[in-house]
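Asks: Sequence first, then the predicted structure, then my questions.
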Amino acid sequence: MKKVQVEKRVTWAEIFKDITRARALIHKYRPQMVLIRWLRVIFDALTPYVGIYLSAQLIDELTGARDPDRLKILIWSILLSAAVIAVVSVLLNRWLLKSADYLWHTIQWIYGDKMLRMDYTDIDDTSRHELLEKINQNQTTGGWGIYHALYPFENLVSALLQILGGAVLTVTLFTSRVPDSAGSLTALNHPLFILLIVIIMLFITWLAPALSNRAGSYWVKNRHQHLMANRLSSCYFKLASQKELATDIRMYRQDTIYSKYVRDKKGTFFSKGEFAKYAQGSMGFLSSASATVSIIFTGVVYVFVCLKAWGGAFGIGSVTQYIAAITAVSGGMATLISTMGKLRNNAPFLKLIFEFLDIPNNMYQGSLTVEKRRDRDYEVEFRDVSFKYPGSEQYVLRHVNMKFKVGSRLAVVGMNGSGKTTFIKLLCRLYDPTEGIILLNGIDIRKYNYLDYMMIFSVVFQDFRLFALKLGENVASGRDYDPDLVTECLIKAGFGDRLKALPDGLETYLYKDYTPEGIDISGGEAQKIAIARALYKDAPFIILDEPTAALDPIAEAEIYSKFNDIAGDKTAIYISHRLSSCKFCDEIAVFHEGQVIQKGSHSELLADESGKYFELWNAQAQYYTEKETT
Ligand code: ADP
């Protein structure tokens, strides 16, 4: 038989180290859950033996001395112990359900926390998302990962307890002697025979799960194919379920691209696929052999115990005790071995999770606090800043020098791809400069506490998103909000009329994801809500990245000129590739291929007829009305 290769053989020490780490992680998030699960494991493993032992005693008494007092005690003990076990079991279950449920949520919570705390550079890196998607797919397909660090590990402990309990009740099976009067059956007393029978039992007990584990390892071997097939089929589902895609799908019959992959008979989940061949061949054989071997074991136990009883070594009651106890020991051993196999098979999946959780935060985190100033006197300066995106060789910004005057209006203009958004991302320290330095009140921004530093900016990014939650919650970015302030911000942002018309006001849900009463909003309205959100934060810097996707030039110009009023005493930065939107600004910086090539007011820049601004202005002027271009 061909040996199935698991990519890298991990040592047992490593496997248990990773399991312990996974369990500690769950314990950190849900300490009570881990405790209750342990209680359940111990309880489930040991309680069956109470019944086995007491019933054996009862049968022996019935077939032996038949002492009425002892019989009474035994019957009461059986009834009482069964009742106590049942009650405790119900209580444990309730406790388990109440506080220990939602493991899936806990795991999602762990991954979510990691993503939220990751450096933005890593969030931007698609390989991080792919890694998380792989982890989630592994979890959905076979519970691989943290689930298997919990359940099988507990099964392992439970199996050990089960073996221990069963072994205690089985010792006398081997020590009780068949009387000499039993003739040839006295051979059962011979130590070599006992040794042989123990070896046979252990061998069969090992063989059944070993075969089953070997069969299970085909899943691990095929995990990459499964993962890809799962991704494709979930993509197929997304194609069918996403409203935004529905028109193109119908227009170009795009579903056929994916259906080719997900319905191919030779595909992973189909009858002619590679996995189906394993199931029909060696994997199927191994599984069936495992089941057969288990039955042989039961046969051997019955023969041995019955022969000893036949020879007179013990009574009928003990026969039931020994058979039940040995079957339990063997069941425990089988669980132990198959669980060990599962834990080994789970090891690469767990490694993947830790690869994700161990992604380091490389951005330097300073400890300086940003002083809260009523006068908003924060001066930010870019000093000879150059930048290239991680993994890219190309400079996107080169030698940028810029100082923001407090309370001023700065426009950043330039063609698409000239580096405007990147400039803002550096300002907000989503990335650190490759060369040069950014200063806040004369101090390198890296030295400030990051969260503190972020508090001085409100940015309406180009690709902002609103949540399908209540309008008020969206504006306040929180569940609790000041309704008067939210309303004020919405009115300032130009959403006042629409707000008045909403029957539930700030409590209205945006979109219909969670409720049919939710409202659909246009791109322009979404933009206004996003602006209100920026205003609610009340940060000293307010930045508006070009809302070109949502707005036409006229609407953009309208929002920008209105924004000039509502920005008040804040330092405002406007970004646009449409020059007309920004001409009211005190200063305009013209970006071209990552460099600031011109700076000045609209009239100054327009006066330079050889400059880029003049060229861009004239190129764009034809799109606007006469009134706007002058
Ligand atoms: P603008 O805002 O002026 O349109 P951007 O700052 O978005 O320009 O982009 C400037 C350049 O940086 C473009 O060439 C763009 O392709 C590149 N760029 C933007 N984001 C990334 C990224 N995450 N990784 C690599 N290159 C990027």
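Replies: Sure thing, it's come through.
Asks: Look up which residues are beta-bridged to the residue of the stretch 451-600 of the chain found nearest the ligand.
Replies: Across the stretch 451-600 of the chain, the shortest distance to the ligand (CB to the nearest ligand atom) belongs to Phe591, at 6.2 Å. To be clear about C-beta, it is placed using only N, CA and C from the backbone, and glycine gets the same treatment. The bridge-partner assignment for Phe591, based on DSSP bridges, gives Gly414, Val596.
Asks: what's near enough to touch it?
Replies: Contact analysis of Phe591 by CB atoms under 8 Å, 6 or more residues apart in numbering lists Val412, Val413, Gly414, Ser418, Gly419, Lys420, Phe423, Ile597.
Asks: Relative to Leu397, how far out is it?
Replies: According to CB to CB, to the nearest Å, Phe591 and Leu397 sit 9 Å apart.
Asks: Identify the contacts common to those two.
Replies: The contact sets of Phe591 and Leu397 overlap at Gly419, Phe423 (CB under 8 Å, 6+ apart).
Asks: on that earlier part again, of the contacts of Phe591, buried ones?
Replies: The neighbour count (16 or more other CB atoms under 10 Å) marks Val412, Val413, Gly414, Ser418, Gly419, Lys420, Phe423 as buried among the contacts of Phe591.
Asks: filter those residues down to the ones near the ligand?
Replies: Restricting those to those near the ligand by CB under 6 Å from any ligand atom leaves Gly414, Ser418, Gly419, Lys420.
Asks: I'd assumed Ile597 was in contact with the second one.
Replies: Put plainly, it is Ser418. No - assessed by CB atoms under 8 Å, Ser418 is found out of contact with Ile597, at 9.4 Å.
Asks: And the closest residue to Glu379 other than its chain neighbours, how far from the ligand?
Replies: Excluding the flanking residues, the one nearest Glu379 by CB to CB, 6 or more residues apart in numbering is Asn441, at 5.6 Å. Between Asn441 and the ligand the computed distance is 26 Å (CB to the nearest ligand atom, to the nearest Å).
Asks: Show me what the mean pLDDT comes to for the helix or strand encompassing Gln137.
Replies: Using DSSP states H and E, Gln137 sits in helix 126-142. Helix 126-142 carries an average pLDDT of 86.
Asks: Going forward, the N-terminal residue is numbered 15.
Replies: Got it, the first residue is 15 from now on, which makes the last one we talked about helix 140-156.
Asks: Go through that helix and flag the buried ones.
Replies: Within helix 140-156, the residues scored as buried using 16+ other CB under 10 Å are Arg142, Leu145, Leu146, Lys148, Ile149, Asn150, Gln151, Asn152, Gln153, Gly156.
Asks: So what touches that helix?
Replies: By CB under 8 Å, 6+ apart, the surrounding residues in contact with helix 140-156 are 121, 125, 129, 132, 136, 158-161, 233, 237, 240-241, 244-245, 248, 363, 366-367, 369-370, 373.
Asks: Would that helix count as contacting the ligand?
Replies: No - Helix 140-156 stays clear of the ligand (CB under 6 Å from any ligand atom), getting no nearer than 9.5 Å.
Asks: Check the ones next to the ligand among the buried ones among the contacts of Phe605 and tell me the two furthest apart.
Replies: The most widely separated members of those are Gly428 and Gly433, with 7.2 Å between them, by CB to CB.
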